[in-house]
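> Return a 3D structure for these sequence lines:
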Amino acid sequence: MPACTVNDDRVGELSGLVVTAGGYIAIDDSNDNPAAIKIFYLTSSCKLSRTVSYPTAPRDPEDLALAPDGTLWVADTGDNYNAAVRRTTIAVWKLAPGAKRPVIYRMTYPDGPHDAEALLLDGDGTPVIVTKELSGGAEVFVPSRPLVASAAQGVPLVRAGSVRLPGSQTPNFLDSIGRQVVTGGAVSPDGRHAVLRTYADAWEYDVTDGDVVKALLDGVPRQTPLPSEPQGEAIAYTPDGSAFVTAPDQPFGQPSTLLRYAPAPRPSPEPSLPVLPGDGEGSGPAAPLPSRALVALGIGLVALGLAGVLLRRGRR
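Modelled structure (predicted):
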């Protein structure tokens with residue numbers, strides 16, 4: 001269902017999104033005027049409230065993530081397939097709460113350029129880059145060591161593994177290719193779920209102990225169809241984690257409608273076992289009575305009952 005529509009000529013080609021308590025934060029991935037590539041702050045009704053500029057022109061911002069401490073991460077990781085202009089480094093920008101400008105942190109792939117449009121944050125704050133492979137599936141990369149601000153060479157990335165998404169028949173503007181390529185990702189605010197999206201579907205994974213990488217590589221995702229979105233690229237969780245919000249990569253000057261989806265049903269949490277009387281730290285479960293003791297106890301109770309009956313009769 002529609003969440004709201006952006007009708008502002010300054011906002012378009014939305015490639016990344018996060019949802020906040022007061023509205024939305026979005027980014028564009030390109031513009032004929034590089035100075036117009038910005039971070040957009042939108043109200044809950046999709047009105048542009050303010051923008052933040054980059055200190056230098058970014059190359060191709062593709063996704064957003066919001067850390068628990070309020071730091072905004074921008075994945076400047078897009079790369080087209082023209083070999084003449086492939087980039088040697090990718091980057092993330094970090095905008096700390098209250099900061100006026102984001103700071104760049106560069107990274108390098110171990111095996112040459114990739115196009116990547118999904119950024120997720122692991123439970124320990126490590127950025128997880130998921131690539132967009134036209135051949136299907138996706139590669140997962142993480143930094144080999146802590147990032148360094150403004151380093152020209154970039155921190156080397158290591159390949160953690162690959163993701164192979166399940167089959168899908170959801171209609172989209174790129175048909176079979178659109179069902180395979182990863183165009184965005186997000187982690188729920190409580191860290192218990194992660195989602196990758198294509199042009200056709202959202203695939204949600206369960207995360208254990210904050211290990212997003214393990215969830216993507218080993219987990220079995222649940223499918224939430226995103227049918228016939230106009231070049232849908234961005235996806236984010238609502239602050240309570242109960243819904244997805246998506247954004248299309250519409251050209252500047254055209255309305256961009258944010259859409260809200262309920263995720264496919266999640267498994268119910270395992271019920272906790274009742275606490276027995278006497279349970280507590282170091283006590284362990286109560287030991288069952290031996291069967292002979294139970295029989296003897298039952299016989300004793302019956303005898304007491306009969307004795308009571310006879311006593312009452314004797315008093316009449």
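> And the strands in the stretch 101-250 of the chain, which stretches?
Assigned strands in the stretch 101-250 of the chain, in chain order: 103-108, 116-121, 127-131, 138-143, 155-163, 184-187, 193-197, 201-206, 222-225, 232-237, 244-248 (criterion: DSSP state E, counting those that start in this stretch).
> Contacts only, for the residue nearest the centre of the chain.
The residue lying closest to the centre of the chain (CA atoms, centre = their mean) is residue 187, at 2.0 Å. By CB atoms under 8 Å, 6 or more residues apart in numbering, residue 187 lies in contact with 65, 120-121, 193-195, 207, 212, 237. Just so you know, the C-beta spots here come from the backbone N, C-alpha and C atoms, and that holds for glycine as well.
> State the distance from residue 78 to residue 65.
According to CB to CB, to the nearest Å, residue 78 and residue 65 sit 15 Å apart.
> And residue 8, by the same measure?
Taking CB to CB as the measure, residue 8 and residue 65 are separated by 24 Å.
> For those two, indicate the residue with more neighbours.
Legend: neighbour count by other CB atoms under 10 Å for residue 8 and residue 65, higher for residue 65 (22 against 16).
> So which bits of the helix or strand that contains residue 51 are buried?
Residue 51 belongs to strand 48-53 when elements are defined using DSSP states H and E. Judged by neighbour count (16 or more other CB atoms under 10 Å), strand 48-53 contains these buried residues: 48, 52.
> what are the pairing partners of the helix or strand following that strand, and which direction each?
The helix or strand immediately downstream of strand 48-53 is strand 63-66, counting by DSSP H and E. Strands that pair with strand 63-66, judged by DSSP bridges, come out as strand 72-76 (antiparallel).
> how far is the partner strand from where the chain is centred?
Average the C-alpha atoms of strand 72-76, do the same for its chain, and the two points are 14 Å apart (CA atoms, centre = their mean, to the nearest Å).
> How about stretch 114-129?
10 Å.
> Of all the strands of the stretch 101-250 of the chain, which one is nearest residue 173?
Each of the strands of the stretch 101-250 of the chain was checked against residue 173 via CB to CB, and the shortest separation belongs to strand 232-237, namely 9.1 Å.
> so that closest one versus strand 116-121, what angle?
Per axes from the mean of the first three to the mean of the last three CA atoms, to 10 degrees, the angle that strand 232-237 makes with strand 116-121 is 10 degrees.
> Counting by contacts, list what strand 232-237 packs against.
Using 3 or more CB pairs under 8 Å, 6 or more residues apart in numbering; DSSP states H and E, the elements in contact with strand 232-237 are strand 14-20, strand 63-66, strand 184-187, strand 193-197, strand 244-248.
> In JSON lines, list the strands of the stretch 101-250 of the chain along with mean pLDDT and distance to residue 172.
Compiled in JSON lines, those are given as follows (pLDDT from 0 to 100; distance: least, CB to CB, whole Å):
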{"stretch": "strand 103-108", "mean pLDDT": "98", "distance to residue 172": "30"}
{"stretch": "strand 116-121", "mean pLDDT": "98", "distance to residue 172": "15"}
{"stretch": "strand 127-131", "mean pLDDT": "98", "distance to residue 172": "19"}
{"stretch": "strand 138-143", "mean pLDDT": "98", "distance to residue 172": "17"}
{"stretch": "strand 155-163", "mean pLDDT": "98", "distance to residue 172": "19"}
{"stretch": "strand 184-187", "mean pLDDT": "98", "distance to residue 172": "14"}
{"stretch": "strand 193-197", "mean pLDDT": "98", "distance to residue 172": "11"}
{"stretch": "strand 201-206", "mean pLDDT": "98", "distance to residue 172": "9"}
{"stretch": "strand 222-225", "mean pLDDT": "98", "distance to residue 172": "10"}
{"stretch": "strand 232-237", "mean pLDDT": "97", "distance to residue 172": "8"}
{"stretch": "strand 244-248", "mean pLDDT": "97", "distance to residue 172": "12"}
